[in-house]
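Novice: This is a predicted model, with the sequence first.
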Amino acid sequence: MIARIVVHGGAGFWRKDLARALAGVRAAATAGAEILRSGESALDAVETAVMTMEDNPLFNAGKGSSLTTAGTVEMDAAIMDGSDLSAGAVTLLRNVKNPIRLARIVMEKTDHVLLAGEKAEELATAFSLPFANPVTAYRRRLLLKLKKDGLDPRAGWIKKNPKLLTEHAGLFGEDTVGAVAVDKRCNFAAAASTGGPTMKLPGRIGDTPQIGSGLYSDNIAGAATVTGLGEIAIRLALSKTVCTLMENGLAAQAAAIQAVEAASKRLNGEAGVIAIDRNGRVAAVHNTPCMPWAFSNTQMNKAKAHRYGRIIAPVRREA
């Protein structure tokens, strides 16, 4: 099989900074493809791709993560190896520079899958991972604007405030980043990282660090990762659903369509999926206005970036 990688920068609106987002996902796919071209694993490729986006303050992961109602950062990340179903995840991180690196350490150096908060950061210190302040001036301005405009976080975040979403859609254009890949040995991997939704309550844990919700990888099926509102992905176990459909014979595109349609029709929630099936077919599907994503393989001269995937069943917004 020709090794390949797919990355996304988040399903959302992206009315501002779309050109920069496309450049960012293209750079991430290029970095991952270089890893695959050198003969390294799909796991190395997705980690590298996600790190590239964590280091880009445009994306809501690592540097530039969204802020909670308290004005703090709480980052999540996860990674999974389809060859043996090993996985690692971290949540509630405050200042680890690259959460995806710590997720891989959890997978490879501990007997656990998920570590949280201060104890997870102690593990980062033990392995000499770099720390950095992820709060940017842009994220501070965004939080202040939301508070000024009267969003009450006790009301249930933006999904229950369509007026705010309509009037200030540009504020919510960034989301989880993720990557899926298959290497020349036909091993699959998936990785994802996020700062979570703007103005989430402190302590909130989304889909990204929950294996089967935010991401899943299994060599008998392929790999998938999800973007959108995390609570939707959790309730539908969305990434595992995509992989189960692919295991049962559906192509990546058909499996991703079914999953996103379920998010729209059953829960009226935002979702986006990227996936690669065991035959190497790729998918990028979403029910949001935009989802910057990019694809590359070891035979391409450069990665191709797209502002849209397959757009289906848009979420209904009530006045």
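Specialist: Structure's in. What do you need? Numbering: from 1, shown residues only.

Novice: Please make it C-alpha for all contacts and neighbour counts, starting now.
Specialist: Will do.

Novice: can you pull up the bridge partners for the residue lying closest to residue 105 once chain neighbours are set aside?
Specialist: Distances taken as Cα to Cα, 6 or more residues apart in numbering put residue 88 closest to residue 105, at 7.3 Å, once the chain neighbours are dropped. Residue 88 forms beta bridges with residue 79, as assigned by DSSP bridges.

Novice: likewise residue 4?
Specialist: The partner residues for residue 4, given DSSP bridges, come to residue 182, residue 297.

Novice: quick one, longest helix in this protein?
Specialist: Identified as the longest helix of the chain according to DSSP state H is helix 18-37.

Novice: Output the contacting helices and strands for that helix.
Specialist: strand 4-8, helix 42-54, strand 293-297, strand 304-306 (3 or more Cα pairs under 8 Å, 6 or more residues apart in numbering; DSSP states H and E).

Novice: Could you say which one of the ones you listed comes nearest to residue 213?
Specialist: Across these, the minimum distance to residue 213, taken as Cα to Cα, is reached by strand 4-8, at 16.2 Å.

Novice: so what secondary structure elements neighbour the closest one?
Specialist: helix 18-37, helix 42-54, strand 177-182, strand 271-277, strand 293-297.

Novice: Please name the strands paired to the helix or strand just after the third one in the sheet, noting orientation.
Specialist: By that I understand strand 177-182. Sequence order places strand 188-194 as the next helix or strand after strand 177-182, per DSSP states H and E. Looking at strand 188-194 with DSSP bridges, its partner strands are strand 75-81 (antiparallel), strand 177-182 (antiparallel).

Novice: looking at those, which is buried most?
Specialist: strand 177-182 (a mean of 36; mean count of other Cα atoms under 10 Å).

Novice: Figure out how far that one is from the centre of its chain.
Specialist: Put simply, strand 177-182 sits 9 Å off its chain's centre (Cα atoms, centre = their mean, to the nearest Å).

Novice: repeat for stretch 237-250
Specialist: Relative to the chain's own centre, stretch 237-250 is displaced by 17 Å; criterion: Cα atoms, centre = their mean.

Novice: try stretch 261-274
Specialist: Counting by Cα atoms, centre = their mean, stretch 261-274 comes out at 15 Å from the chain centroid.

Novice: per-residue confidence averaged over it?
Specialist: Averaged over stretch 261-274, pLDDT sits at 94.

Novice: Can you list the buried residues in it?
Specialist: Using 16 or more other Cα atoms under 10 Å as the test for burial, stretch 261-274 gives 261-264, 268-274.

Novice: a markdown table please, covering those residues and showing distance to residue 15.
Specialist: As requested, the buried residues of stretch 261-274 are exported to a markdown table (distance: Cα to Cα, whole Å):
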| residue | distance to residue 15 |
| --- | --- |
| 261 | 24 |
| 262 | 26 |
| 263 | 23 |
| 264 | 22 |
| 268 | 22 |
| 269 | 20 |
| 270 | 16 |
| 271 | 18 |
| 272 | 17 |
| 273 | 20 |
| 274 | 21 |
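
Novice: Spatially, which two of the residues you listed are the most separated?
Specialist: For the buried residues of stretch 261-274, the farthest-apart pair by Cα to Cα is 268 and 274; their separation is 19.4 Å.

Novice: isn't residue 253 right next to residue 280, touching?
Specialist: No - using Cα atoms under 8 Å, residue 253 is not in contact with residue 280, being 11.2 Å away.

Novice: out of those two, which sits in the busier spot?
Specialist: Each of residue 253 and residue 280 has its neighbours counted (other Cα atoms under 10 Å); residue 253 has more, 22 against 19.

Novice: does the more buried one belong to a helix or a strand, and which?
Specialist: Using DSSP H and E, residue 253 maps to helix 252-267.

Novice: Ramachandran coordinates for residue 98?
Specialist: The phi/psi pair for residue 98 (degrees, to the nearest 10) reads phi -130, psi 90.

Novice: Find the nearest non-adjacent residue to it, please.
Specialist: That would be residue 62: by Cα to Cα, 6+ apart, it lies 5.8 Å from residue 98.

Novice: so the one you found touches residue 194, yeah?
Specialist: Yes - the pair residue 62 / residue 194 is scored as a contact, 7.0 Å apart, by Cα under 8 Å.
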